[in-house]
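>>> output the structure for:
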Amino acid sequence: MPLNNACRRVAVAGLCVLLAGAPIAASAQTLTEFPGRSLYDRFGVQAIDLFDLRGQLSRFTVIDVRPRFEYDILHIEGAHHVELHAPDFLDQVRDLEREHGGPLVFYCNGRESYLAYRAVAQVNEEDDIGPAQAFDAGVLDWAERYSNFAVLRGVPVNEDPGALISGEAFEARLLDAQAFADRVRQDPDAVVLDIRSPAERDEISLFTGREQTVPLTDMERLDAALSAAHDAGQALLIFDQHGQQVRWLQYHLEERGIEDYHFLDGGLQGFYDEVMAH
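Have a look, this model is predicted:
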């Protein structure tokens, strides 16, 4: 299945949204490693790095803003959970600050995921909460550097470091945009799952009539889709927005004994980027 012109136009538009207005003075390294910093700096969002967060961890109230499923797989020890898209997000944050004090630090998957920045931007607009910062290296960087301060499925990572799925095992499940599209075309029985959140989803369909929308925020529906595919012996082709959420879904798939699955490398954004490069 060739990558079509409609996708190419979407890719260009998507990049315009992501990159427009980025300060020219930002270093190339920062733009590469933390592309969201320049975008959210204009909203007064400040970031805290890995080492500073570890050094001051005890004085912060740390909040994970990812879907609950991701938090339950892996989170920073002592972190609270408040999903960014919860309708009472700000009220929950207020309650945590009243109970535990501040300053507040929000985190997500980091790098290309901007949930933490958006959480800080929302909080900083309120007169009765904050100040807040974003830890934008993400939870995986934290777990790999400070395994004794990370919790995987309820157990500190340093107690069983082998429980973390290796980068090699994750990468073995990745298909680039063309390979993913070819697999969709060549295997009409494969089940294509879009696990993006409703807030991330747009009106674009990569594979019209093929994909099922089953966000990680609705595990009941997702589990039903996984069970149906597994019972029927169908392959699973799964994508998210940036290729990060599938990393946590892999734990769930392995735990359930599901073997025939692949992920879209870089998620939907990676697909757009590859289309534009061609």
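>>> what about Leu74, how many residues nearby?
Neighbourhood size, Leu74 [other C-beta atoms under 10 Å]: 23. Any C-beta I mention is one placed from the backbone N, CA and C, and that applies to glycine too.
>>> do you know the pLDDT at it?
Leu74 carries a pLDDT value of 97.
>>> again, but for Asp260
97.
>>> what's around the nearest residue to it once chain neighbours are set aside, how many residues?
In this structure, Asp260 finds its nearest non-sequential neighbour in Ala235, 4.5 Å apart by C-beta to C-beta, 6 or more residues apart in numbering. For Ala235, the neighbour count with other C-beta under 10 Å is 16.
>>> and Gln234, by the same measure?
Using other C-beta under 10 Å, Gln234 has 14 neighbouring residues.
>>> where does it sit, in terms of helix or strand?
Using DSSP states H and E, Gln234 sits in no helix or strand.
>>> how close does it get to Pro67?
Remark: distance between Gln234 and Pro67 (C-beta to C-beta, to the nearest Å) = 25 Å.
>>> Gln269 too?
Between Gln269 and Pro67 the computed distance is 18 Å (C-beta to C-beta).
>>> with Arg145 instead?
Taking C-beta to C-beta, one finds Arg145 at 23 Å from Pro67.
>>> mind checking which of these two has more residues around it?
Pro67 (23 against 13).
>>> phi, psi of the more buried one?
phi -60, psi 150 (degrees, to the nearest 10).
>>> before we move on, what about Leu236?
Torsion angles, degrees, to the nearest 10, at Leu236: phi -110, psi 130.
>>> who does it bridge with?
Under DSSP bridges, the beta-bridge partners of Leu236 are Val191, Tyr261.
>>> can you pull the contacts of it?
Going by C-beta atoms under 8 Å, 6 or more residues apart in numbering, Leu236 touches Ala190, Val191, Leu193, Leu226, Ala229, Leu253, Ile258, Asp260, Tyr261, His262.
>>> among those residues, who's most crowded?
Leu193 (25 neighbours).
>>> spatially, what comes nearest to that one if we skip its sequence neighbours?
Leu193 sits nearest to Ile238 (C-beta to C-beta, 6+ apart), 4.6 Å away.
>>> right, and the one you found touches Asp265 too?
No - the criterion here is C-beta atoms under 8 Å, and Ile238 misses it with Asp265 at 11.5 Å.
>>> please say which of those two ends up with more neighbours.
Ile238 (26 against 19).
>>> give the next helix or strand downstream of the host helix or strand of the more buried one.
In this assignment (DSSP H and E), Ile238 forms part of strand 236-239. Downstream of strand 236-239, the next assigned helix or strand under DSSP H and E is helix 245-255.
>>> got the confidence number for Gly130?
pLDDT, Gly130: 82.
>>> what residues does it make contact with?
Glu97, Gly102, Pro103, Leu104, Val123, Asn124.
>>> if we use 10 Å, what do you get?
Counting by C-beta atoms under 10 Å, 6 or more residues apart in numbering, Gly130 touches Val93, Glu97, Gly102, Pro103, Leu104, Val120, Gln122, Val123, Asn124.
>>> the fifth one contacts Gln122, doesn't it?
No - with contacts defined as C-beta atoms under 10 Å, Leu104 does not count as touching Gln122, sitting 11.3 Å away.
>>> which of the two has more neighbours?
The neighbour comparison of Leu104 against Gln122 (other C-beta under 10 Å) goes to Leu104, with 24 against 19.
>>> may I have the phi/psi pair for that one?
Torsion angles, degrees, to the nearest 10, at Leu104: phi -100, psi 140.
>>> tell me what it is bridged to.
Thr61, Ala132.
>>> tell me who's in contact with it.
For Leu104, the contacting residues are 60-63, 80, 93, 96-97, 119-120, 123-124, 129-134, by C-beta under 10 Å, 6+ apart.
>>> can you say which of those residues are buried?
60-63, 80, 93, 96-97, 119-120, 123-124, 129-130, 132-134 (16 or more other C-beta atoms under 10 Å).
>>> okay, and which of the residues you listed map to strands?
Counting by DSSP state E, the part of those found in strands is Thr61, Val62, Ile63, His80, Ala132, Gln133, Ala134.
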